[in-house]
Every structure is written in structure tokens, then in C-alpha cells.
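Provided below are the primary sequence and the corresponding predicted coordinates.
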Amino acid sequence: MLIISSREFRQNQKLYFEKVDKGEQVIVQRGKDKSYALTPINEDDVYFSAEMIRKIKLSAEQARNGEVKRISSSREINDLLGL
């Protein structure tokens, strides 16, 4: 595991991205009390796929338009989840 400063990361981003791509853990420390882990995202990562982003945008638009189903009982929750 490598722990580097934000300044070091800015100056050598390519080097640290390549290390992460090869499986090494890299932590970027910012100030005294903040740290960030570099993590590669691959095309199988469901949270950042184009399809998931499209679904999230569609859901947000449906909510803005009032196209929502209101649930007020545990039975309705079970029905929604197919339980």
C-alpha cells in the first residue's frame, strides 16, 4: 500500500493510476484529516454503467412528474418486492 500526498499525486498522476491498474492500493492524503483511495472502475461496475445512469435519470424524471407509487403498509412493500 502506498500513501502519498495530494501534491505528489497531482505531479505524478499517470504513475499512480498505472500502479492502481496493476492491483496496488494507493491512498492520497489531503491535509491532516482527509484521505482518498484510488479505485479503478471497470465496465462491469453496475453503478457507473451507461445503462444504470440512464435508468437513474429516467427514474428521477418520473418522480418529478409525479409518476410514483405510494406505499403505506408492510403488505404493499412485500407485494412490491414479490415476497
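Yep, it's here.

Only the C-alpha atoms, please, for stretch 16-36, written as PDB.
Taking Å, rounded to 0.1, in the frame of the first residue of the first chain, the C-alpha atoms of stretch 16-36 are listed here in PDB:
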ATOM      1  CA  TYR A  16      -0.200   6.200  -9.600                       C
ATOM      2  CA  PHE A  17      -3.100   5.300 -12.000                       C
ATOM      3  CA  GLU A  18      -0.800   2.700 -13.500                       C
ATOM      4  CA  LYS A  19       0.100   1.300 -10.100                       C
ATOM      5  CA  VAL A  20      -3.600   1.000  -9.200                       C
ATOM      6  CA  ASP A  21      -4.300  -0.700 -12.600                       C
ATOM      7  CA  LYS A  22      -1.700  -3.300 -11.600                       C
ATOM      8  CA  GLY A  23      -3.500  -4.000  -8.300                       C
ATOM      9  CA  GLU A  24      -1.600  -1.800  -5.900                       C
ATOM     10  CA  GLN A  25      -3.500   0.100  -3.300                       C
ATOM     11  CA  VAL A  26      -2.900   3.900  -3.400                       C
ATOM     12  CA  ILE A  27      -4.100   6.300  -0.700                       C
ATOM     13  CA  VAL A  28      -4.000  10.000  -1.400                       C
ATOM     14  CA  GLN A  29      -3.700  12.000   1.800                       C
ATOM     15  CA  ARG A  30      -5.100  15.600   1.700                       C
ATOM     16  CA  GLY A  31      -4.200  17.600   4.700                       C
ATOM     17  CA  LYS A  32      -4.100  16.000   8.100                       C
ATOM     18  CA  ASP A  33      -7.600  14.500   8.300                       C
ATOM     19  CA  LYS A  34      -8.700  13.500   4.800                       C
ATOM     20  CA  SER A  35      -7.700  10.500   2.700                       C
ATOM     21  CA  TYR A  36      -8.900   9.000  -0.500                       C
END
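
For that stretch, buried residues please.
For stretch 16-36, a neighbour-count test (16 or more other CB atoms under 10 Å) marks Tyr16, Lys19, Val26, Val28, Gln29 as buried. Using the backbone N, CA and C atoms, a C-beta is placed for each residue, glycine as well.

which stretch of helix or strand covers the fourth one?
If you go by DSSP states H and E, Val28 is part of strand 26-30.

Repeat that for the second one.
Assigned by DSSP H and E, Lys19 belongs to helix 13-21.
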